[in-house]
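Q: turn this into a model:
(4 chains)
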There are 2 protein chains.
Amino acid sequence: MARPPKARDKALAAYCALLGTEGERATTIEAVAAGADISKGGVLYHFPSKEALAEAALEAFREECERDLATMAEAPEGPSRHYVRTSWTSGSDLDTYYTAMVRLAQGSWQPAIDALEWIHEAWLRLIREEVGDRHAAEAIMLIGEGLYHHSSMPGEWSRGTFARSLKQLLEQVDRLKA
Amino acid sequence: MARPPKARDKALAAYCALLGTEGERATTIEAVAAGADISKGGVLYHFPSKEALAEAALEAFREECERDLATMAEAPEGPSRHYVRTSWTSGSDLDTYYTAMVRLAQGSWQPAIDALEWIHEAWLRLIREEVGDRHAAEAIMLIGEGLYHHSSMPGEWSRGTFARSLKQLLEQVDRLKA
DNA sequence: GTCTATATGCTGATAGAC
DNA sequence: GTCTATCAGCATATAGAC
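A: Numbers count the residues shown, from 1 in each chain, chains lettered A, B, ... in the order given. Down below sits the predicted model:
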């Protein structure tokens, strides 16, 4: 796994992006191949089954999470602000993998459900270490989740409304921290 | 439409429930028929195509929304608390239809996207009329959205964590209102 | 109004050429 | 490693019996 073939990476990226933007139903192997600009056979060489794609996405997600937890724990602005700010989908790798995991969990794929529970628990723990009050920490986390939920939704209204408000929303977070 | 056949209602309910619990991929006409305890042909008599099911769900959603907006506007506890409290999925009709709409929107179905933008805008307007400050209102709405997002997710952690906290989360809402 | 049986097309996966 | 060709199975939808 030192240097995975480029086609493999492209296919995995296309798979995650498609899940997020088009949903599980539209995320066929053929669509993944088209998105990655390779053939169906090419995809199935690197990922022998469709579930293998999901498993690879899961592993990549876990790796990005470890990285994110480290950054969040040491963020100069504090974990709460870091968490809420980055919940507004910015197109980062973590965003893409997280959205893909949510779609897979919504399709009742147990490994994704487990991974999401694990990361939510970890995120909440970091926020709570900063904030102290358990329920203020939960409220802050939920603001982040709400932001994610809106930003990962198709349509323009959410984007217009909350993108403009991010800075002031972080001030609401400060009010809850106090 | 005075008294729609019972089988029709059962099929529509099964369709919405399946979308929420199992996802779009698992929501096949056969699964809907099984959930409603009728045959595939029976489903397709009342809903000539799969999209007809989605359209019926959309209309039912809109009706529930009108009802909810009226209740929310006149809630003795105030729109904010009402909104956040009912965002924690209770199994109401609105919950079921809303979750179904979210899944359809995530599958890029434009009518669902439009309907969700409309209701979010309406909810935010009511909260803002009570709260005054635009960004406090947005934060409150996002707490509700976060709650919905967690409660509609499979898995036990969210349920255990937030179900116990609802009362104290409403106190956080009060802090933001002030 | 509801059923069974069937046609058609799409999706996941395999085989084998290059 | 990547492609094309092909198969088996499944999902949507239709036809027609009851």
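Q: pull out the buried positions in the one helix or strand A:Ala7 maps to.
A: In this assignment (DSSP states H and E), A:Ala7 forms part of helix A:6-22. For helix A:6-22, the buried set under the neighbour-count rule, 16 or more other Cβ atoms under 10 Å in any protein chain shown, comprises A:7-8, A:10-22. Using the backbone N, CA and C atoms, a C-beta is placed for each residue, glycine as well.
Q: also stretch A:98-117?
A: Applying 16+ other Cβ under 10 Å to stretch A:98-117 flags A:98-107, A:109, A:112-113, A:115-117 as buried.
Q: so which of those sit within helices?
A: By the criterion of DSSP state H, membership of the buried residues of stretch A:98-117 in helices covers A:98-106, A:112-113, A:115-117.
Q: with distance to A:Leu126 and pLDDT as new columns, can those be given to me in JSON lines?
A: As requested, those are exported to JSON lines (distance: Cβ to Cβ, whole Å; pLDDT from 0 to 100):
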{"residue": "A:Tyr98", "distance to A:Leu126": "16", "pLDDT": "98"}
{"residue": "A:Thr99", "distance to A:Leu126": "21", "pLDDT": "98"}
{"residue": "A:Ala100", "distance to A:Leu126": "23", "pLDDT": "98"}
{"residue": "A:Met101", "distance to A:Leu126": "19", "pLDDT": "98"}
{"residue": "A:Val102", "distance to A:Leu126": "20", "pLDDT": "98"}
{"residue": "A:Arg103", "distance to A:Leu126": "25", "pLDDT": "98"}
{"residue": "A:Leu104", "distance to A:Leu126": "24", "pLDDT": "98"}
{"residue": "A:Ala105", "distance to A:Leu126": "21", "pLDDT": "98"}
{"residue": "A:Gln106", "distance to A:Leu126": "25", "pLDDT": "98"}
{"residue": "A:Ala112", "distance to A:Leu126": "22", "pLDDT": "98"}
{"residue": "A:Ile113", "distance to A:Leu126": "21", "pLDDT": "98"}
{"residue": "A:Ala115", "distance to A:Leu126": "17", "pLDDT": "98"}
{"residue": "A:Leu116", "distance to A:Leu126": "16", "pLDDT": "98"}
{"residue": "A:Glu117", "distance to A:Leu126": "15", "pLDDT": "98"}
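Q: fine by me, we can end here.
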